[in-house]
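Enquirer: Sequence below, structure please.
(3 chains)
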Amino acid sequence: MDLRKSRFGGLNFGRQTAQSTVGYLTRASAIAVIVILNLAGCSAEFGTSDRNGVSALGEPPPVGGPPLVRRLTESQYRATIADIFGPDVPIVARFGRELRADNMIAIGTSKAGISPFSLEQYDNAAAGIVDFIFAPENRARFMTCEPDADSDFDEQCARTTIEHYGSKLFRRPLREEQIARYLEQARRSTELVADYYVGLGLALRGLLSAPEFLFRIEEVDEQNPDSLSAFSKAERLSFFLTNSAPDDALLAAAESGALNTAEGLEQQVERLMSSSKFEQALRAFFADMLEFDLFEDLTKDAQLYPAFSPVVALDAQEQTLKTIVHHLVDQQGDYRDLFTLRETFLTRALGIVYQLPVPTRNGWEQTVFPEDSEYAGIQSHLSFLALHSHPGRSSPSLRGKAIREVFLCQEVPDPPANVVFNALVDTGGNTMPTARDRLHAHNSEPACAGCHKIMDPPGYALENYDGVGTWRDTENGAVIDASGNLDGRPFSSPLEFGEALRDHPETGKCVAERMYRFAVGRDIVWYEREYMDYLIEAFKAREYKVPSLMRDIAMSENFFTIDSDAVRYEGASL
Amino acid sequence: MKKSKAATLSIIAAMYAVAIHAEPRFMQGDAAGFVVSDIKYALGPDASETGACPAGMSKNVVEIYIEEHGIVRGEGETEGDFNRRVRRDSRIYSQSPEGKNYCSFPELAQPDPHFKTVQRSDIKVRGINIDGRASLNDFLDAQGNRGIDNQFFRVVGCSRSFQSEGLSNHFVTTMKTGAWGITIQLSGLDDIKNDNEVKVVIAANADPIQLSAARDALPYATYARSQDPRFRAETTARLVDGVLTSDPVDMRFHKVVNSMILERPLQQARVVATLTEEGLLNGYLAGYTPVEALYDFVYGYRSGKTSEGELSPLRERSANGTAFVLGHTCNGGYYALKEHADGLPDPETGLFTAISTQYEFSAIPAFIVDVETKSLNSELTPGRLL
Amino acid sequence: MKTLSRRRFLRGTMKGAAIGVGLPFLDSMLNDSGKAFAATGQRIPVRFGTWIWGCGMIPELWVPKQTGYNYTMPEHLKPVEGYRDKLALLSGFDVKLDGVPNKPHVTGCFGLRTGIPIPDRQVKAPTFDVLIADAIADTRFRSVELSTTGMQRSYSYRDAGSPNPSEVNPLALYHRLFGEGFQDPNQASFTPDPRYMAQQSVLSAVQEERRALMAKVGAADRQRLDEYFTSLRELEQKLALQLQPPAPVENFVMPEPPEVKPVDAEMANVIENHKIMASLLARALQCNQTKVFNVLFSDTTSNLRRPGVSSTHHTLTHEEPIDRELGYQREVAWFAEQSMFAWRDFLDALDSIPEGDGTLLDNCLVLAHSDCSLAHAHAVEGIPVMIAGNAGGRIKTGFHLAGNADPVTRVGLTVQQAMGLNVETWGGLSMATNRTINQLLV
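Expert: Below you'll find the predicted structure:
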């Protein structure tokens, strides 16, 4: 569709990249792109030192963004504690809802704060962790030294412990005055309670509640203000590739300066990506992208969908994550094939909703959607279909919007304030038996048609899946018509729609862009467009392998680059 | 694209979509699986409706004692004392002079004249004509024709607990807790209305039935058949105008009462049930239950086992308690069953050893798999039989 | 009459050094009605207890038709309408058998209380009241168990061989609680737990990093860090309250020994007996003889009886036919309703004791439950559960929540968390869960 003729002149539809087809740009922005390209052409070094030797473009000069303060997510908090103290440490806290900004939790982390309730919960969790670590039967695991007497303060031993765990928790060595401060607290507490372990434990509790632990506070390198400091690099790298805090080897590489060299960086990147924790990073990314946090609000009508339960909701998310990890990591598969993939994992609870057999009684069955079962691709998983539906019925609009926004990165604006929903509500009506019929009435309404013409067709493709994702041939007795057109590519069934989605030019670009935003925790800045092109080219050249994309991001100069202008601008209001 | 052409193509596409789904949803190729979601004894109307128990209803030992001995509460005797007294003194009706309990050893007792059975046969009773004949003792079908073989109803029709508001016909409750279950699988099914060669496997369910939050059985769950061959039956059947009729085969299921596990055999059992397009199977399971086994699982619990496979220590107390609470005697039931047995004659004596028993059931689509399964709780019940 | 000086400095001696702790924020945290103290639950202890009635309920008469806060009080719960705001009704939570044989009246009760659906009385884990008592009991009695039908039975177990036995006789209960060994709570001296002082100190050390951090970050981020440091200060202030002595026990009057009355299973006697024992228990809670209690109103195989009727409640559940018109068992329903009258009596006993700004009930978390839902089927699905009290402000009540066949271990997990236990998951095997019932927690 040609947006220049759209009533919504200001509609910012589709990403604007230097290589996008003209149809996606408004005239004004098309001009802007040309201007900037020319400016870039003056000083850019196209085709220089491409480390990977893959992209014909080569990485453009790095741009970067401002240094951020990012709150740990729940999964990052848990992973960090498990990495440092072991997976059997109990973490008892009610984590708040993650904040979404610009459609991503990863971006929300740089906007989220810590309320009094949250801090109390973190403190609670800290108390539990400390109790566990210092319990007499456990402490030998966690302490490398012992005091002479349990009731007396041992400065040497306390210092060792504080430095050891403090640096892991803060993800950088503690400054001497920080050590001294916590050491003094440990001493005072020990004297107050006449118990070294309780006293030391309280100091550790302070470390666990400190902002340097709960927030990732990015710093620039003292010598080179256009780059993150070595420890901030380690932090950014580790949370990106393992969703957890830097381990000892990575901290050591930061300390020694190895992380500032290409070889040192590559070594760490390879190491992290081949570790078992890499999968956690992928899971965090896709849970963010697929908006699984919205499952918390999801309710389904118990009479219409008796098979849907909290167990099904949890299993549905896990099914999709397992499917994705298996395909992208174990099989090193093409990302786009996720939309046509029949391989998957099922539990018996899921089997009831999919109406497919699952022999394994408890736990997961690695299996394949049968050829004649009409399920293929993650857009046919319950985690997508049930999430983007109403409590009592499916929704082509919600699903279509989600297809556009989640998989194609195409923004759909909110409805106007004076919209009338009446015609949609009557699902038992005979004159408009299917959703397509009901929404057709609105597609002729001028105020609605603009967006609905974009939004609904992908949703219609999925109308054979009811409000929880079970296949149906008819709705209210009328046969469902799943045919349509995805930006010029026709389809006549959900399977064909999956293929259309797979082949859509924006599919690969969208995930690449989203992955970068996930990695840096902010939206792309204008000047990073060429960098995006570079990443997308490389992604395509490598057959859309997501681990390769992540490596390209991690190894790129832009990843660690700080935009000093942004820093100065913010600093001006000091 | 012109609007009308687009519309036509869309209609054709829709028809195509239907065509590749011509097969009903519940069919898997030529097979279809089901799990029984409801089951109870097929019985006749309540005695209050038919007047079929003019001599009254069956009594328990306390009621018998009070009636036969004209027992009344003494002056100044409290309720509690009176109850204790009659419970104690009525033991002459529940055990032999040597102290052998009649629920455990009904053969040592006399027939119980207070155990009432249905004397008439001109009553419309639910079920099928099992032997194809119209005998004098057969009941009437819904149209009034003689032929329904349901002597079990004759035996229990005048017992209070088997009336519609009684509690003896709610054994499906334990099925819904997952303690036992029944799976049915049809194969070689080419057409869901007519097929003269269908294979049927009826087996005990090794997995608990899956229910919604409203406690309704969920269709399209997956269940594993029992791996015990004694609890599997294979036979052939015919489908005529949507009614499935199977050839006789011996079957066996479980019954669980008060955590005791009993067996519910059904010899020469037939299924006569309608199959709908949505995959619902409703009808009768009819056959002959060996009297000794039926006595056990309804009255005496003599063979009741724990989940470890040992004889349960609760058998005698439960049997006596149940008989008291439900209002009949064990030996009354025993002799009534023997008297009205109508099947499986003993080759030597010629006496009937089994009694016609009918169940009505509903079954919903399910995926039946033939694998070993285990509960998460299996460590709590090491020798689990089911 | 208590006169808490709001700027009292605590003086204590730790290892020879005198320590004074100023409480500058106290004014801002106290309000005139003392609510702030009740909210932290530190000045007034929070008590936990269970109340069991046997043989379930009649769903049509017990489960509200609506969920949420504006539900119509069902017929059998009308006796507790006056406590609507202090009650949370939880229906539809199941003991998950997953193949375990259901031992009638046993598996349901122990499954709910231990989190593991056992087929007999060999408990595999302590009941949750024992876990809670282990964590919070610092009183003369770790817990007190009562049974009001004269039957010596208890569902408080540490392990398979060790039930905590119940007191069945009111006079014996009286002597146990208020006879020899009675501890006057107002004579006890208070020493502030130095751990709280230490904790406060550590948190203020964390505050010291504020300046350095604020200088490092940009303007938008400064605002977020500011929020963090404000939260930190609030946490410090809450700790300050822990250093205050607990509220003195007011209005306590030593009870008289109860009259000797028949103790048996006849309903009128049970109701009376229950009232007497509940009243004694309430006084004992008021003056901190215990913080944890377990009441067995009627055993799971309820032996409650009507005068003139030989059958007990339990026998009736099996032998009474379903009334054609009503659709349920009439006599059984009477016993179920009487159990709810008794529950009302129990709440009356707790609510009649003024404490702090409200009553003793406000500082309790009482979990009432049965062993089954439909007794004639021994159904362990949808076991009725009620939570009463405010737990010193830690829980929310006033609603009906439908469990939708969730495992009942969610309830056990949540009440433990409400009582301050550091437990993330609870229950085992088919009933293991980590899903807190968030609607209950503040």
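Enquirer: show me where the chain has strands.
Expert: If you meant another chain, say so; for now it's chain A. Taking DSSP state E to define them, one finds strands in chain A at A:69-71, A:215-217, A:343-346, A:365-368, A:474-475, A:478-479, A:484-486, A:489-491.
Enquirer: I was thinking of chain B, sorry if that wasn't clear
Expert: With DSSP E as the criterion, chain B has strands at B:32-41, B:139-140, B:146-148, B:182-187, B:195-204, B:221-224, B:232-240, B:243-246, B:249-257, B:260-275, B:281-290, B:343-345, B:352-369.
Enquirer: Any chance of a markdown table for these, columns mean neighbour count, mean pLDDT and distance to A:Pro547?
Expert: C-beta coordinates here come from the backbone N, C-alpha and C atoms, glycine included. Below are those laid out as a markdown table (neighbours: other Cβ atoms under 10 Å in any protein chain shown; pLDDT from 0 to 100; distance: least, Cβ to Cβ, whole Å):
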| stretch | mean neighbour count | mean pLDDT | distance to A:Pro547 |
| --- | --- | --- | --- |
| strand B:32-41 | 22 | 98 | 41 |
| strand B:139-140 | 21 | 96 | 74 |
| strand B:146-148 | 20 | 96 | 71 |
| strand B:182-187 | 23 | 97 | 44 |
| strand B:195-204 | 19 | 96 | 47 |
| strand B:221-224 | 25 | 97 | 34 |
| strand B:232-240 | 16 | 97 | 49 |
| strand B:243-246 | 18 | 97 | 54 |
| strand B:249-257 | 21 | 95 | 52 |
| strand B:260-275 | 21 | 96 | 51 |
| strand B:281-290 | 23 | 98 | 50 |
| strand B:343-345 | 17 | 96 | 69 |
| strand B:352-369 | 24 | 98 | 36 |
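Enquirer: for A:Arg199, what are its contacts?
Expert: Slight slip there: residue A:199 is Gly, not Arg. A:Gly199 is in contact with A:Phe153, A:Ala186, A:Arg187, A:Arg188, A:Ser189, A:Thr190, A:Glu191, A:Leu192, A:Val193, C:Ala198, counting by Cβ atoms under 8 Å, 6 or more residues apart in numbering or on different chains.
Enquirer: okay, now the first one: neighbour count?
Expert: Residue crowding around A:Phe153 was assessed by other Cβ atoms under 10 Å in any protein chain shown; the count is 21.
Enquirer: ok, is stretch C:128-148 in contact with chain A or not?
Expert: No. Stretch C:128-148 is not in contact with chain A by Cβ under 8 Å from any Cβ of the partner chain; minimum separation 11.3 Å.
Enquirer: Dump the contacts of A:Gly199 to JSON lines, plus distance to B:Glu197 and pLDDT.
Expert: Putting those into JSON lines (distance: Cβ to Cβ, whole Å; pLDDT from 0 to 100) gives the following:
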{"residue": "A:Phe153", "distance to B:Glu197": "88", "pLDDT": "91"}
{"residue": "A:Ala186", "distance to B:Glu197": "83", "pLDDT": "93"}
{"residue": "A:Arg187", "distance to B:Glu197": "88", "pLDDT": "93"}
{"residue": "A:Arg188", "distance to B:Glu197": "88", "pLDDT": "91"}
{"residue": "A:Ser189", "distance to B:Glu197": "83", "pLDDT": "90"}
{"residue": "A:Thr190", "distance to B:Glu197": "85", "pLDDT": "92"}
{"residue": "A:Glu191", "distance to B:Glu197": "90", "pLDDT": "90"}
{"residue": "A:Leu192", "distance to B:Glu197": "87", "pLDDT": "88"}
{"residue": "A:Val193", "distance to B:Glu197": "83", "pLDDT": "87"}
{"residue": "C:Ala198", "distance to B:Glu197": "83", "pLDDT": "87"}
